[in-house]
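In: here is a sequence together with a model predicted from it:
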Amino acid sequence: PIALHVMALTLGSSTLIVVPVCVMLFATVVEFAIMSAVATIYDIVSFAPSVMMTLTLAVSFDYSLFFCSRYLEARAKHIDDRVADVMESAGHTVVVSGTTLILCFLGLLFFPSGVLRGLAVAVSVGLGSALVFTILLIPAIFHIAGERLCRIHERLARLVTRQKATAAGDRRGPNMWERA
């Protein structure tokens, strides 16, 4: 909950929180489904799911924040194809960063410890799941509902501003021309 509040404050949009929550949910469900099959092959330590989920949530949140901030920047610059602009700028960075993390954790496979090998597989599956859903799901959400999410936020912000003005003693409120 605290991370979502921080994201809302950072982005200045409470409605864009839908994006990282969707990514986190899908990535978590898929990573645990994959790991249930992998656990029949590899010996997975008991704390590996906790580490896997923690890193998946952190990476999903971080990458989602990056994509959302780029989307809002493209929107502020009135760029027509915002999703393509976001994918060109943030997409490459996210893919390189995620791939680097996965390769680093896969490096643990070369150690002779079964604990490290199981952890390497679990965390790599989790990071891979987060990376795939970040790259595939966020552009789809922006394409389908990005503008609606931003417009909902703008309406909520106007409503809160109007209510603050009314509470502060400005009982006049908007006139007919301001509402139009």
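Out: Thanks, I have the structure now.
In: the lengthiest helix in the chain packs against which elements?
Out: For the chain, the helix that runs over the most residues, judged by DSSP state H, is helix 114-167. Counting contacts by 3 or more CB pairs under 8 Å, 6 or more residues apart in numbering; DSSP states H and E, helix 114-167 is packed against helix 18-38, helix 48-76, helix 82-86, helix 92-106. All C-beta atoms are positioned from the backbone trio N, CA, C, and that covers glycine.
In: got those as a markdown table, with distance to L131 columns?
Out: Below are the helices and strands packed on helix 114-167 laid out as a markdown table (distance: least, CB to CB, whole Å):
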| stretch | distance to L131 |
| --- | --- |
| helix 18-38 | 9 |
| helix 48-76 | 7 |
| helix 82-86 | 16 |
| helix 92-106 | 4 |
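In: out of those helices, which gets nearest to M7?
Out: helix 48-76 (5.7 Å; CB to CB).
In: identify each buried residue in stretch 16-34, please.
Out: Residues of stretch 16-34 classed as buried: 16-20, 22-24, 26-28, 30-32, 34 (neighbour count, 16 or more other CB atoms under 10 Å).
In: for stretch 110-123, same thing?
Out: L116, R117, G118, L119, A120, V121, A122, V123.
In: now render the residues you listed as JSON lines, adding pLDDT and distance to E73.
Out: JSON lines is the format used below for the buried residues of stretch 110-123 (pLDDT from 0 to 100; distance: CB to CB, whole Å):
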{"residue": "L116", "pLDDT": "90", "distance to E73": "40"}
{"residue": "R117", "pLDDT": "90", "distance to E73": "41"}
{"residue": "G118", "pLDDT": "89", "distance to E73": "41"}
{"residue": "L119", "pLDDT": "91", "distance to E73": "37"}
{"residue": "A120", "pLDDT": "92", "distance to E73": "36"}
{"residue": "V121", "pLDDT": "92", "distance to E73": "37"}
{"residue": "A122", "pLDDT": "93", "distance to E73": "35"}
{"residue": "V123", "pLDDT": "94", "distance to E73": "31"}
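In: nearest to I152 among those?
Out: V123 (35.8 Å).
In: now that closest one: closest residue in space that isn't a chain neighbour?
Out: In space, V123 comes closest to F105 once its chain neighbours are excluded; the distance is 4.6 Å by CB to CB, 6 or more residues apart in numbering.
In: now do the contacts for V125.
Out: Neighbouring residues of V125 by CB atoms under 8 Å, 6 or more residues apart in numbering: E31, I34, M35, V38, M52.
In: with Y71 instead?
Out: Y71 touches L16, R82, V83, V86, F142, G146, counting by CB under 8 Å, 6+ apart.
In: test my guess that S69 contacts G12.
Out: No. Using CB atoms under 8 Å, S69 is not in contact with G12; the gap is 9.7 Å.
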